[in-house]
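Colleague: Next input, structure requested:
(one chain, ligands or ions: 1)
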Amino acid sequence: MNQRAVAALVAVLAISAVAVLAGAAAPASPVPTAAAAAPPPTVTVTPEMRAHQRWVDTLYFAGTAYGFLVLLAVLGLGISRRLRDLAGRVTRRPFMAAMVFWALFTIVTTALSLPLDYVSGFLVPHRFGLSAQGLGGWLWDQAKATLLGIVIGAPLVAAALAGIRRVRRWWLALWLGAVPVMVFLILIAPVVLDPVFNTFKPLPDPELKAELLDLAARAGISGGRVVEVDKSKQTNQMNAYVNGLGPTKRIVLWDTIIAKMDRDELRFVMAHEMGHYVLHHIWKMLAFAVAALFVVLWLAQRAVEWATGRWGRGWGFEVAHDPAAVPLLLLVLGVLAFLGTPAVNAVSRHYEHEADVFAVELTHLNDAGARAFVKFAEDSKVLPEPPAFVRFWRYSHPTLAERIRFCASYRPWLTGAPNHVWHGPR
Ligand SMILES: [Zn+2]
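Modeller: Below is the predicted model:
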């Protein structure tokens, strides 16, 4: 899908979303443990699981490199310059021309990225039995994502170019402008963006709903909303997540997880999601993203101006506020975001672990939690222990082996040790 362009555009905005919207757990920080009653359940590692993990990891790094190559090609082959000229013939007003440029640019880069998106988004999930979605449905989802990227991106890009034109220290202007945009995107995502792809509805099972509301009350959440989404039309994999802010905040369960997990496992997973709620992880990740963006944009202005002076003329622009320079801006932001990924993920893993601690302390469902993570690994065909470099670079959650070990062994109540994050009544 055109996500490469959009993701690059909102490259750093995505930083906040990535971890928070991703959905599952966190790595080991020192917490007291008591001896486990039974040995933790183990994941059966199959050759298919190894092969799938290799594909996914390779496609992650190859896809990133390919995205950068697409942007370089658009610059170096004069495509960006030509699209800018074309947009200039449609309208003379700079703001409108920038919007038209963005639409054309998005269509071109989506087409160039399609082969790799097809491999990672369609071919590989089907080859490993993780999706039953037809090609037509998949292509339709891509089309919708591209359209959303155009509609949301166009005014943002045009406004960014206007800021770059008018303000000398434009990195600061973009940063100030990005903060409300990030908050707004997180706020509207659950009600405006997500329903474009799926149907969200209140949990249909009244018994499960009552159990989860009871759990929420003990977790200290009142008025929290839990909804089910029909993800089974796109994937067989399981997930749950919390997103939104304030009035749009809610816990979302994929219908696949409801179908595949037993009651205790579901309660554990929900307790983890509630931990994100209660521990204000969305706000904390947002604050971290805002701080990271400050540094990223400062670096970006320097890099963009340097590259414009050095190669701009050959690429058809001499100033950074020229629409033809947009691919350069995206390339710089994309490279910086990629380099910052390990740091963002380390922070995310910390919060995910905290949510696991919360879930164990709230529910005491050690065995069900460990079983849930075994199911995650076997069902999604991901290795419980990925290569160390892969974990370091791209894991927003602790590895499943780490989570299983933690769940099985963390029982502070056995030794009378205090809880770390959940302090409510039991
Ligand atoms: Zn989580």
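
Colleague: what residue ranges in this protein score low on pLDDT?
Modeller: Scanning the chain for pLDDT under 70 picks out 1-38, 223, 425-426.

Colleague: now the strands for it?
Modeller: Chain-ordered strands for the chain, with DSSP state E as the definition, fall at 200-202, 226-229, 240-243, 250-254.

Colleague: Tabulate the CA atom coordinates of stretch 184-198 in CSV.
Modeller: Only the C-alpha atoms of stretch 184-198 are listed here, as CSV (Å, rounded to 0.1, in the frame of the first residue of the first chain):
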residue,chain,number,x,y,z
PHE,A,184,-5.6,15.0,16.4
LEU,A,185,-4.6,11.9,14.4
ILE,A,186,-4.5,9.7,17.5
LEU,A,187,-7.9,11.2,18.6
ILE,A,188,-9.7,10.6,15.3
ALA,A,189,-8.0,7.3,14.3
PRO,A,190,-10.5,5.1,16.1
VAL,A,191,-13.6,6.9,14.9
VAL,A,192,-12.6,8.1,11.4
LEU,A,193,-9.7,6.1,10.1
ASP,A,194,-10.1,2.6,11.4
PRO,A,195,-13.7,2.1,10.3
VAL,A,196,-12.6,2.7,6.7
PHE,A,197,-11.2,-0.8,6.8
ASN,A,198,-13.2,-2.7,9.4
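
Colleague: List the buried residues of it.
Modeller: Of all the residues in stretch 184-198, those buried under the rule 16 or more other Cβ atoms under 10 Å are 185-187, 189-190, 194, 197-198. Bear in mind the C-beta positions are built from the backbone N, C-alpha and C, glycine included.

Colleague: Between those, which sits nearest His272?
Modeller: Each of the buried residues of stretch 184-198 was scored against His272 by Cβ to Cβ, and Pro190 proved nearest at 18.7 Å.

Colleague: Nearest residue to that closest one in space, ignoring adjacent ones along the chain?
Modeller: Excluding its sequence neighbours, the residue lying closest to Pro190 (Cβ to Cβ, 6 or more residues apart in numbering) is Gly244, at 4.2 Å.

Colleague: Asp322 reaches Asp85, doesn't it?
Modeller: No: using Cβ atoms under 8 Å, Asp322 is not in contact with Asp85, being 11.0 Å away.

Colleague: out of the two, which sits in the more crowded spot?
Modeller: Comparing Asp322 with Asp85 by other Cβ atoms under 10 Å, the one with more neighbours is Asp322, at 23 against 15.

Colleague: Tell me how far that one lies from Val74.
Modeller: Asp322 sits 14 Å away from Val74, going by Cβ to Cβ, to the nearest Å.

Colleague: again, but for Trp283
Modeller: Plainly put, Trp283 is 37 Å away from Val74 if you go by Cβ to Cβ.

Colleague: Repeat that for Val304.
Modeller: From Val304 across to Val74, the span is 15 Å (Cβ to Cβ).

Colleague: Could you do Gly67 as well?
Modeller: With distances defined as Cβ to Cβ, the gap from Gly67 to Val74 amounts to 11 Å.

Colleague: The nearest residue to Leu383 once chain neighbours are set aside: what's it in contact with?
Modeller: Excluding the flanking residues, the one nearest Leu383 by Cβ to Cβ, 6+ apart is Gln53, at 4.5 Å. Gln53 is in contact with 381-383, 386, counting by Cβ atoms under 8 Å, 6 or more residues apart in numbering.

Colleague: Which of these sits closest to the ion?
Modeller: Looking at the contacts of Gln53 and their distance to the ion, the nearest is Val382, at 15.3 Å (Cβ to the ion).

Colleague: List the buried residues of stretch 311-324.
Modeller: Across stretch 311-324, burial judged by 16+ other Cβ under 10 Å covers 312, 315-317, 320-324.

Colleague: That stretch: end-to-end distance?
Modeller: With Cα to Cα, to the nearest Å as the measure, stretch 311-324 spans 12 Å from end to end.

Colleague: repeat for stretch 219-239
Modeller: This stretch, stretch 219-239, spans 20 Å end to end (Cα to Cα).

Colleague: Let's see stretch 377-396 as CSV, backbone CA atoms only.
Modeller: Taking C-alpha atoms only, stretch 377-396 is exported to CSV below (Å, rounded to 0.1, in the frame of the first residue of the first chain):
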residue,chain,number,x,y,z
ALA,A,377,3.8,-17.6,18.9
GLU,A,378,2.4,-20.8,17.4
ASP,A,379,-0.6,-19.2,15.8
SER,A,380,1.2,-16.2,14.2
LYS,A,381,4.3,-18.4,13.5
VAL,A,382,6.8,-16.1,15.1
LEU,A,383,9.8,-17.3,17.0
PRO,A,384,9.7,-17.0,20.7
GLU,A,385,13.4,-16.1,20.6
PRO,A,386,14.2,-14.1,17.5
PRO,A,387,17.8,-13.2,16.7
ALA,A,388,19.2,-10.6,19.2
PHE,A,389,19.7,-8.0,16.5
VAL,A,390,16.1,-8.4,15.3
ARG,A,391,14.8,-8.0,18.8
PHE,A,392,17.0,-4.9,19.4
TRP,A,393,16.0,-3.2,16.2
ARG,A,394,12.3,-4.0,15.6
TYR,A,395,10.6,-5.5,18.6
SER,A,396,8.1,-3.1,20.2
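
Colleague: Might you calculate how far it sits from the centre of the chain?
Modeller: 16 Å (Cα atoms, centre = their mean, to the nearest Å).

Colleague: mind listing what's buried in that stretch?
Modeller: By neighbour count with 16+ other Cβ under 10 Å, stretch 377-396 contains the buried residues 377-384, 386, 390-391, 394-396.

Colleague: again with stretch 89-97
Modeller: Within stretch 89-97, the residues that count as buried by 16+ other Cβ under 10 Å are 94, 97.

Colleague: in terms of contact, does Gly149 touch Thr106 like I think?
Modeller: Yes: judged on Cβ under 8 Å, Gly149 makes contact with Thr106 at a distance of 5.4 Å.

Colleague: Same drill for those two, tell me which one is more crowded.
Modeller: Gly149 (25 against 22).

Colleague: what residues are up against Val108?
Modeller: 74, 79, 83.

Colleague: Next, the contact list for the first one, please.
Modeller: The neighbourhood of Val74, defined by Cβ under 8 Å, 6+ apart, consists of 80, 105, 108-109, 112, 327.

Colleague: Distance-wise, check Pro47 relative to Leu383.
Modeller: With the distance defined as Cβ to Cβ, Pro47 ends up 11 Å from Leu383.

Colleague: Pro94: what's it in contact with?
Modeller: 158, 161-162, 165.

Colleague: typo on my end, Lys375
Modeller: Applying Cβ under 8 Å, 6+ apart, the residues near Lys375 are 238, 260-261, 265.
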